[in-house]
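[1] Next comes the sequence, and after it the predicted model I'd like to discuss.
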Amino acid sequence: MSTEVETGTHRTEKTSLTKIKDAVYQFLSKEKVLGALTIGPAIILYIIVSLVPIGWAFAASFHEVGAFSPTWEFVGLDNYFAVIDDPKFIKSNFTGAVFAGGSVLVQVIFGVGFALVLNKEFKYNRIVRAIGLTPYLIPTVIVGFLALWMSNQQWGVINRLLLDAGMIEHGIAWFSRPDTVMPALVLTNSWKFSIFVTIMVLARLQGIPEGFYEAASMAGATPFQKFRDITLPNIKNILFIVVLLRGVWMFNKFDIIWSLTRGGPAGATTTVPVYAYNQAFQSYSLGRASAVSVLLFLLLVVAAILYFRVFKPSEEVRVE
Amino acid sequence: MKENSNMTDTDAPRWIGNLSYQTRDKVRRFGLFLILAIMAAVIVFPLYWMIHTSLLPADRMYNVDAPLIPLNPTLSNYVELFTKTGFITYLVNSIIMGTGVIVTTTVMATLGGYGLTRIDIPYKTAFARGILLGYMFPPILLAIPMYIFWRQIGLLNSYPGAILAITATSLPFSLWLMWQFFQTVPESLEESAQMAGAERFRAFYEIALPLAKPGIIAVGTFSYAVAWNAYTIPKVVLPQQEFWVLTLGVENLVISNQILWPLVMAASAITILPALLFVYTLQKYLLRGFRTGGVK
């Protein structure tokens, strides 16, 4: 079939090699073969790297898993009871909620503000966007170490600038004091992640017809009224998704916290993932760590159900 | 410049009404400029400070009166980094694993995205939800069971083990992106090629694939960012130092040399260099991907 096309333009000898190629192409073109070879690998890989580990966590959560040897001993629900009875676990949930809530709040404020500014047309839009996008591409732990250095009690630039401005009298060890560590952590975290709120909200803002605002101006609406009656209703859904997804992800955030505070001082920043990591690799209780992972997974499923109520996958991709 | 919507303005005080339209416009533009300048400074200053510190001689770092502009800048920290620490090993490991993740993710997502768009299979809604659920998995949730599982099948401390593990965080979203992307590639082109006698595979290979190039670049960029950023999963599945990637290596420098911040900042600066080079050239590809639901 394809040889007809080829011979039309340039004469090719039908060598054995092209015959094999033709046969292979024809075999690959069968609907079922093409389907299996394109979707198959991705689905298999997805099962191996995502679903199998989750299944493994389920299985391990009912066992006492050997710390240094792969021995499993069935213990029923003991791991779950041990975790739920642990006051440290209960506390880690509250700490995590504070961290996630604070992070989402700060990110939404800065993210939406930045989106509203970027939605205006101005000359250097592209450069400003590139600058805004830069923090995302910097590894989170590097962001953490940079914050640690800049906030260093004796030599950090932040303390020095604050001292020069006369706002503080002594350098503050921001990440080692129970009263300053959480705000410092939330701000550092938001420095990197606010841009996502911006990108998602901006995409939505650009879909609002300009005519809406013009009509409102004609009718004598104040800027605040325009924001309340046009902008806000249009970004409501995306804001819900932002708050939900970012809330879940921030609750599950591990790298920035571990690199900055290791969950300290005195457990002040031990969120659930830090607790799970400690169970697994400090106490070597892999069974309990798996139980915590399963609990986190269940939370994720609840969030996913809420997510699919607002964000309909079938409207984004054709499923028929 | 077109005067368009006034969404950022709050309810204006009364006295503004007394100003002329031009003056108000100028004030507004100046305000916009000021906000942008502050935002840019908040983002750029820490990066400037990273480079600044990395150029300081180690003994100058204690000088509290050191100016904001480095005096006697030196590259000695960079020289020390490459000659006296394991930095090169970490850099090479990051490149190997990053390449592995980018290639695996891009190939799988491109093929899968094509198949999901063009081939009739049942339960596509379930697939879509499954992919999005997988995209929500945080690294720590996968890392702990992976440690147990990888240990049992002997994949701890290996390149393939780490590449597979990191792919778990990049694949679902990439697959989703390519599924969306192939929908924007007109099917009629492939159909007419098939009419002209090309087999279906040739239509995919020679027509759909080249047209999907922007999507493929977007997925490649995204998986680079995921792989280069990865910390939690490598930390758990690569306990041996000889396999460490940059994020783990820099952490080790912080732990062992916290007193030598210029050295740590030099290592950080090199780690973020590709990001700084990428962000301007690949911006539009990167932005394309982030509209579904943000990124972890």
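    Ah, there it is.
[2] From what I see, B:L260 and B:A58 are in contact.
    Yes. Under the criterion of C-beta atoms under 8 Å, B:L260 makes contact with B:A58 at 6.1 Å. Quick note: C-beta positions are derived from backbone N, CA and C, even for glycine.
[3] What residue, apart from its backbone neighbours, is nearest A:Q225 spatially?
    Once flanking residues are discounted, A:Q225 sits nearest to A:A216: 7.2 Å by C-beta to C-beta, 6 or more residues apart in numbering or on different chains.
[4] The one you found: neighbour count?
    For A:A216, the neighbour count with other C-beta atoms under 10 Å in any protein chain shown is 18.
[5] Mind naming the longest helix for chain B?
    Assignment by DSSP state H gives helix B:21-54 as the longest helix of chain B.
[6] average pLDDT across that helix?
    Helix B:21-54 shows a mean pLDDT of 86.
[7] and what of stretch A:210-220?
    On average, stretch A:210-220 scores 86.
[8] Convert the C-alpha atoms of that stretch to CSV, please.
    As requested, the backbone C-alpha atoms of stretch A:210-220 are provided in CSV (Å, rounded to 0.1, in the frame of the first residue of the first chain):
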residue,chain,number,x,y,z
GLU,A,210,-13.5,42.5,27.8
GLY,A,211,-17.1,43.6,27.0
PHE,A,212,-18.3,42.6,30.4
TYR,A,213,-16.1,45.2,32.0
GLU,A,214,-16.9,47.8,29.4
ALA,A,215,-20.6,47.3,29.9
ALA,A,216,-20.2,47.6,33.7
SER,A,217,-18.2,50.8,33.3
MET,A,218,-21.0,52.3,31.1
ALA,A,219,-23.4,51.4,33.9
GLY,A,220,-21.2,53.3,36.3
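[9] one step back: quick one: buried residues of the longest helix of chain B?
    Residues of helix B:21-54 classed as buried: B:28, B:36, B:39, B:43, B:46-47, B:49-50, B:52-54 (neighbour count, 16 or more other C-beta atoms under 10 Å in any protein chain shown).
[10] again with stretch B:237-250
    Buried, per 16+ other C-beta under 10 Å, within stretch B:237-250: B:237-238, B:243-250.
[11] Give me the local confidence score for the nearest residue to B:N157 once chain neighbours are set aside.
    Closest residue in space to B:N157, ignoring its immediate chain neighbours: B:Q240 at 4.6 Å, by C-beta to C-beta, 6+ apart. pLDDT, B:Q240: 90.
[12] which strands and helices sit next to the helix or strand harbouring A:I109?
    For A:I109, the element it lies in under DSSP states H and E is helix A:87-118. Under the contact definition 3 or more C-beta pairs under 8 Å, 6 or more residues apart in numbering or on different chains; DSSP states H and E, helix A:87-118 sits against helix A:125-137, helix A:181-205, helix A:232-251, helix A:272-281, helix B:21-54.
[13] which one of the ones you listed lies closest to B:A128?
    Minimum separation from B:A128 across the helices and strands packed on helix A:87-118 (C-beta to C-beta) falls at helix A:232-251, 15.6 Å.
[14] related to what we said a few turns ago, please identify which of the buried residues of helix B:21-54 is nearest to A:V157.
    Among the buried residues of helix B:21-54, and counting by C-beta to C-beta, the member closest to A:V157 is B:W49, at 5.7 Å.
[15] so that closest one makes contact with A:V157?
    Yes. At 5.7 Å, B:W49 counts as touching A:V157 under the criterion of C-beta under 8 Å.
[16] Which neighbours do the two have in common?
    Taking C-beta atoms under 8 Å, 6 or more residues apart in numbering or on different chains as the criterion, B:W49 and A:V157 both touch A:M150.
[17] on that earlier part again, for the residue nearest to A:Q225, what are its contacts?
    A:225-226, A:229-230.
[18] I'd like the distance between it and A:D229.
    Per C-beta to C-beta, to the nearest Å, A:A216 is found 7 Å from A:D229.
[19] got any residues that touch both of the two?
    Counting by C-beta under 8 Å, 6+ apart, nothing touches both A:A216 and A:D229.
[20] what helices or strands is the longest helix of chain B leaning on?
    Judged by 3+ C-beta pairs under 8 Å, 6+ apart, helix B:21-54 is in contact with helix A:87-118, helix A:125-137, helix A:140-150, helix A:181-205, helix B:261-281.
[21] Toward the C-terminus from that helix, list the very next helix or strand.
    helix B:76-84.
[22] got the buried residues for that following helix?
    Buried positions in helix B:76-84, judged by neighbour count with 16+ other C-beta under 10 Å: B:77-78, B:80-81.
[23] Out of the residues you listed, flag the one nearest to chain A.
    Set against chain A, the nearest of the buried residues of helix B:76-84 by C-beta to the nearest C-beta is B:N77 (13.2 Å).
[24] For B:P172, see how far away that closest one is.
    Separation of B:N77 from B:P172 (C-beta to C-beta): 39 Å.
[25] repeat for B:Y114
    B:Y114 sits 17 Å away from B:P172 when distances are taken as C-beta to C-beta.
[26] likewise A:A303?
    15 Å.
[27] Look at the two and report which has more neighbours.
    Set side by side, A:A303 and B:P172 show more neighbours around B:P172, with 24 against 18, by other C-beta under 10 Å.
[28] so which helix or strand takes in the more buried one?
    helix B:159-184.
[29] ok, that helix near chain A or not?
    Yes. Helix B:159-184 is in contact with chain A by C-beta under 8 Å from any C-beta of the partner chain, via B:164-165, B:167-168, B:171-172, B:175-176, B:179-180, B:183.
[30] Give the burial count for the nearest residue to A:N159 once chain neighbours are set aside, as a bare number.
    Counting by C-beta to C-beta, 6+ apart, A:G171 is the residue found nearest to A:N159 once chain neighbours are left out, at 3.9 Å. Look at A:G171: counted by other C-beta under 10 Å, it has 18 neighbours.
[31] Helix, strand, or coil at A:G171?
    Secondary structure, DSSP: H, G, I helix; E, B strand; the rest coil: A:G171 is coil.
[32] quick one: pLDDT of it?
    pLDDT, A:G171: 83.
[33] ok, B:P138 - contacts?
    Here B:P138 is in contact with A:249, A:252-254, A:273, A:296, A:300, B:296 (C-beta under 8 Å, 6+ apart).
[34] where does it fall, phi/psi-wise?
    Phi and psi for B:P138, reported as degrees, to the nearest 10, are phi -80, psi 150.
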